[in-house]
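> curious how this folds, go ahead:
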Amino acid sequence: MSTDDVPEEGARKPFAAFVQEQRNGGLHGELSDALAELVLAVIEHRGKGVLQLQVIVTPNGDGATVTVADKIKLTLPEGERGAAIFFADSDGNLSRQNPRQMELSLREVGDKQKAASE
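So this is what the prediction gives:
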């Protein structure tokens with residue numbers, strides 16, 4: 001450990017330094033990737049997203065050391081899933097056709113019938 005790693009008495013070490021050191025830079029790389037993924041998803045889906053970093057500090061019981069773990073949670077916006085209108089019958093079944101409306105018996109007009117009508 002160099003003297004550059006130790007802050008002056010009473011000075012706080014920057015949080016960014018911790019992020020770069022945690023898991024030999026692994027946390028910094030994962031956060032960078034997650035942020036880029038979040039930004040692209042927000043632009044694509046035009047919705048809000050969230051990037052959360054959780055830092056878990058556990059005492060080791062010796063009064064001098066701690067174990068530091070991290071957890072990243074990424075909540076991406078979802079695209080619109082769309083919706084459709086259905087009719088409900090008295091049994092709770094869904095149908096695209098209105099069950100209270102009569103159906104018209106339609107048939108396809110062929111070329112011979114089309115020519116005869118002209």
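> quickly list what Thr58 is bridged to.
As for beta bridges, Thr58 partners with Thr67 under DSSP bridges.
> per-residue pLDDT, it?
For Thr58, the pLDDT comes out at 97.
> any idea how far it is from Val68?
8 Å (Cβ to Cβ, to the nearest Å). Every residue, glycine included, has its C-beta placed from N, CA and C.
> what about Phe86, how many neighbours?
11 (other Cβ atoms under 10 Å).
> kindly give the local confidence score, pLDDT, for it.
Reported pLDDT for Phe86: 89.
> state the distance from it to Leu104.
20 Å.
> which one's more surrounded, Thr58 and Val68?
In terms of neighbours (other Cβ under 10 Å), Val68 is the more surrounded of Thr58 and Val68; the figures are 13 against 9.
> same for the helix ranked longest in the chain, what does it pack against?
Assignment by DSSP state H gives helix 26-45 as the longest helix of the chain. Packing contacts for helix 26-45, counted by 3 or more Cβ pairs under 8 Å, 6 or more residues apart in numbering; DSSP states H and E, involve helix 15-21, strand 50-59, strand 66-75.
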